[in-house]
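>>> coords please:
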Amino acid sequence: MTETEKNHSFQRVQLMKQAAVIRQNNGMNRHDALVTAHRIGALIRQMHHGNVCFRYTKQDGTIRHATGTLTGYEHSFHRPYLPKPENTFVVYYDIEAKGWRTFHAENFLDIETNRQDSNK
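Reported below is the predicted structural model:
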């Protein structure tokens, strides 16, 4: 097995673990939990490169429109952001509130492709 194949296999296992935790916490069906885990992975990858506009449901049931990034994570916490699949929180730096925030992965709605970020 090549290094690329090993890495792909590891990522697939991580995705399946995160989907299982999301499913357990939320009662989602397997397909929806896998889709959510995959979309969370895409969000995190994009936030590593810059500002991303996205939406999630807050604890009180309201929808939160956020612009977040992970570009300053390593500088702030002195380690890379490597989320564990059993951790259901997604960390991000909120550009508008100027502070670090979290939300539950199962509450993620979508990346907002039509919303313009004025801080770019």
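>>> Please name the nearest non-neighbouring residue to Arg55.
Spatial nearest neighbour of Arg55, chain neighbours left out: Leu109 (4.2 Å); criterion: C-beta to C-beta, 6 or more residues apart in numbering. Quick note: C-beta positions are derived from backbone N, CA and C, even for glycine.
>>> Ramachandran coordinates for that neighbour?
Main-chain dihedrals, Leu109, degrees, to the nearest 10: phi -100, psi -60.
>>> That one contacts Lys58, correct?
No: counting by C-beta atoms under 8 Å, Leu109 does not reach Lys58; the two are 10.9 Å apart.
>>> Check what contacts the helix or strand containing Thr67 and list those residues.
Element membership for Thr67 (DSSP states H and E) is strand 63-69. Here strand 63-69 makes contact (C-beta atoms under 8 Å, 6 or more residues apart in numbering) with 47, 50-58, 92-96, 101, 103, 109, 112, 115, 117, 119.
>>> okay, and the helix or strand of this protein with the least pLDDT?
Counting by mean pLDDT, DSSP states H and E, the chain has its least confident helix or strand at helix 3-26, which shows a mean of 81.
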